[in-house]
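# Provide a 3D model corresponding to the input given below.
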Amino acid sequence: MSLPPLLDDGLGPNLETYLFYAREQRDKEAAEARKEGHRPPTGWLSELLGLNRLADTASVVSDEKKAGSDEATLAVSPAEYRAASSSLRTATWGAIFYLITTDILGPYTASYAFSQVGYGPGVACFVVFGVMAAYSGILLWHMYLKLDSDRFPLRSFGDLGYRIFGNWFRILCNVLQSLQLIFNVGIIILGNGQGLSQVAKFKLCFSVCNIVWTLAGMIMGQIRTLQKFGWVANFAIWLNVIVIVMTMGAVAHTAPNYEAALATYNITAGPVHTVAINPQPFQPQLNGIMQIVFSYGGAMIFIEFMAEMRRPMDFWKAMACAQVFITVVYMFFGLFVYTYQGQFVINPANQGISLYSLQAATNIISFTASVIAAALYGNIGVKVIYQNVLMELFHAPPLTAKSGKYLFAVSVIVYWGLAFVIGSAVPQFTNISSLVAAVCIFQFSYTFPPFMILGYLVQVDAMSEDRSYDIKNPRASRIDSWWNLSRWVRGYKKHFIFNTWNLLVFLACLATAALASYTSITSIISGFQTGTSAPSFGCRSPLQTS
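Residues are numbered from 1 along each chain as shown. Predicted coordinates for the structure are as follows:
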């Protein structure tokens, strides 16, 4: 993301400017919605099944077709550019629902979470984390509508953070986002590598299994636009549902995978035990809870999704449906598998099937879905690095230029190579996913949104006694500055209870994330020291006993 364009006075836009143009943008979208009121009504089911595809969406030219000569680019006026930017917003809330739920890790890690904490704490955590994730999503949606416009578009979580707290917060968001995305891809390579080693009956070197999926991702990752991921994401979620159903059927009628449990947890075959509350030490319990956090890890890219929506005001529908789907389906699946496999649950769950035919079938189906998810994560991850590092620091060409396309292709290859190193260097699926959840996902889904809404409201409420905004003199409205205590008091007291609530939530989440990060790191170290982990870049699969 490049910084917003300067105003006539040579300075960057202030918050008042963002708010002014965002109000104009929302009014324009509301007028367009009323204008289109004569169209046949469309229901929620049509949106979710993808049956409602407007003709104008099909007519939109994708961004890579806009590339032209430098002279042609310079000939485009700012007004024309803003119109073109607006026309590229084509995604419906139904399509965004599929993108949010294109998650390969969430459902398959849920049963492991229950095995670590038990039925009671597991259900409580799933519900509480689901409610708080929805709360954070609403906060992000509200701030997006208040600060986004065609003139000053929001494109990423870092963009939103920049408008509220400045460049330091933007850099922090972009670093954590880049880490989360590349670690997500690395974890998917690791999970698929484990699955392929099972399909090959451990006759194929584990590192080679990881290389196979790295190469597949390098090819799939050449897709440059999220627009082209819409139908693919639709396909992926139904593949996940198929694997979920097959896994439930398998665990209900077959024994647990004792061999994998011995290799992973060093526990021998025996009766299945389930408990309401697991009395084990706090460290593994916290690692289990972080697997639940992974289920609600979509907030990091909510801004990217809203930026591609035709009507961002409808985002709440996609987010609400996705959170309900995740809470109900993932939790039910986790409870079901834990009930039948107890302490022998394997992470991811389908790799805990003991019958080879069903184990191989679920692995093969999940391969496709996970590569789609990894390509989605990688697509956004490469763009974040390309725009914030290559373009901003090294002045790389834009993605619409021919040379930019070539550089993007090379960046994808390097990105997936780094993800391979992550997945192969630390072949501990549970511990590394817990670390990512604690360091990155927890911040975007729970820590940052309350902190951001606090900063946003304090600044907006401080404007309550300012003069009216003048578009010709955007910096003349304030009656005092942030060096004056009066502005801080005025900004905080209007929503005192709500601001205090968000401050407490922010501090609690920050403490939880720090504790969970420490726990995950110590678990990774312990895994290598005790020998329960497979060797780095080795040929032995983490699910293999010898």
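
# could you say what helices and strands the helix or strand where Gly423 lies packs with?
Using DSSP states H and E, Gly423 sits within helix 402-425. Helix 402-425 is packed against helix 167-199, helix 206-220, helix 356-385, with contacts defined by 3 or more C-beta pairs under 8 Å, 6 or more residues apart in numbering; DSSP states H and E. C-beta: built from backbone N, CA, C; applies to glycine.

# for this protein, which spans come out with low pLDDT?
Residues of the chain that meet the criterion pLDDT under 70 lie in 1-10, 36-90, 102-106, 224-231, 233, 546.

# which residue of it sits farthest from its center?
In terms of distance from the mean C-alpha position of the chain, Ile479 ranks first, at 40.2 Å (C-alpha atoms, centre = their mean).

# re the thing from before, please identify the buried residues of the helix holding Gly423?
Applying a neighbour-count criterion of 16 or more other C-beta atoms under 10 Å, one finds 404-405, 407-408, 411-413, 415-416, 419-424 buried in helix 402-425.

# picking up where we left off before, figure out which of the helices and strands packed on helix 402-425 is closest to Ala124.
Closest approach to Ala124 among those (C-beta to C-beta): helix 167-199, 25.5 Å.

# Now do the closest one: distance to the chain's middle.
Between the centre of helix 167-199 and the centre of its host chain there is 10 Å, according to C-alpha atoms, centre = their mean, to the nearest Å.

# For it, name the packing helices and strands.
Looks like helix 167-199 contacts helix 157-165, helix 206-220, helix 356-385, helix 402-425, helix 429-436 (3+ C-beta pairs under 8 Å, 6+ apart).

# Could you single out the most deeply buried of those?
Using mean count of other C-beta atoms under 10 Å, the stretch among these with the largest mean neighbour count is helix 429-436, at a mean of 26.

# Counting by contacts, list what it packs against.
Under the contact rule (3+ C-beta pairs under 8 Å, 6+ apart), helix 429-436 is packed against helix 106-117, helix 167-199, helix 282-295, helix 496-530.

# So which residues lie in contact with the third one, not counting its own?
I take that to be helix 282-295. Under the contact criterion C-beta atoms under 8 Å, 6 or more residues apart in numbering, helix 282-295 has outside partners 103, 105-107, 109-110, 112-117, 121-122, 125-126, 129, 278, 326, 330, 347, 430-431, 433-434, 436-438, 441-442, 445-446, 515-516, 519-520, 522-523.

# any idea how far Leu11 is from the residue farthest from the centre of the chain?
19 Å (C-beta to C-beta, to the nearest Å).

# Next: Thr92.
In this structure, Thr92 and Leu11 are separated by 38 Å, where distance is defined by C-beta to C-beta.

# which residues touch the residue nearest to Ile346 when sequence neighbours are not counted?
Here the nearest residue to Ile346 in space, its sequence neighbours aside, is Gly352; by C-beta to C-beta, 6 or more residues apart in numbering that works out to 3.3 Å. Under the criterion of C-beta under 8 Å, 6+ apart, the neighbours of Gly352 are 111, 251, 256-257, 260-261, 337, 341, 344-346.

# Asn266 too?
The contact partners of Asn266, by C-beta under 8 Å, 6+ apart, come to Thr532.

# at 10 Å what do you get?
Asn266 makes contact with 530-532, 545 under the criterion C-beta atoms under 10 Å, 6 or more residues apart in numbering.

# swap in Ala462?
The contact partners of Ala462, by C-beta under 10 Å, 6+ apart, come to 15, 478-480, 482, 484, 486-492, 494.

# now with 8 Å?
Ala462 makes contacts with 487-488, 490-491, as judged by C-beta under 8 Å, 6+ apart.

# Looking at the residues you listed, which is nearest Glu29?
Gly491 (28.3 Å).

# Quick check: chain neighbours aside, which residue is closest to Val293?
For Val293, the nearest residue in space outside its immediate sequence neighbours is Ala437; the separation is 4.3 Å by C-beta to C-beta, 6+ apart.

# so who does that neighbour touch?
290-291, 293-294, 297, 516.

# now Ala375, nearest residue through space, not along the chain?
Once chain neighbours are set aside, the closest to Ala375 by C-beta to C-beta, 6+ apart is Met220, at 4.1 Å.

# Would you confirm that that neighbour contacts Thr368?
No - counting by C-beta atoms under 8 Å, Met220 stays clear of Thr368, with 10.3 Å between them.

# returning to that earlier point: please type out the ChimeraX selection for whichever of the contacts of helix 282-295 turn out to be buried.
For anyone working in ChimeraX, the buried entries among these, judged by 16+ other C-beta under 10 Å, can be selected with:
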select :103,105,106,107,109,110,112,113,114,115,116,117,121,122,125,126,129,278,326,330,347,430,431,433,434,436,437,438,441,442,445,446,516,519,520,523
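
# Tell me the spacing between Ile471 and Tyr135.
When distances are taken as C-beta to C-beta, Ile471 and Tyr135 turn out to be 34 Å apart.

# go on, Ala361?
39 Å.

# what does Asn266 give?
If you measure Asn266 against Tyr135 using C-beta to C-beta, the figure is 40 Å.

# how about the spatially closest residue to Ser197 that is not a sequence neighbour, what does it touch?
The shortest distance from Ser197 to any residue other than its chain neighbours is 3.8 Å, reached at Ser541 (C-beta to C-beta, 6+ apart). The neighbourhood of Ser541, defined by C-beta under 8 Å, 6+ apart, consists of 193-194, 197-198, 202, 206, 209, 263, 534.
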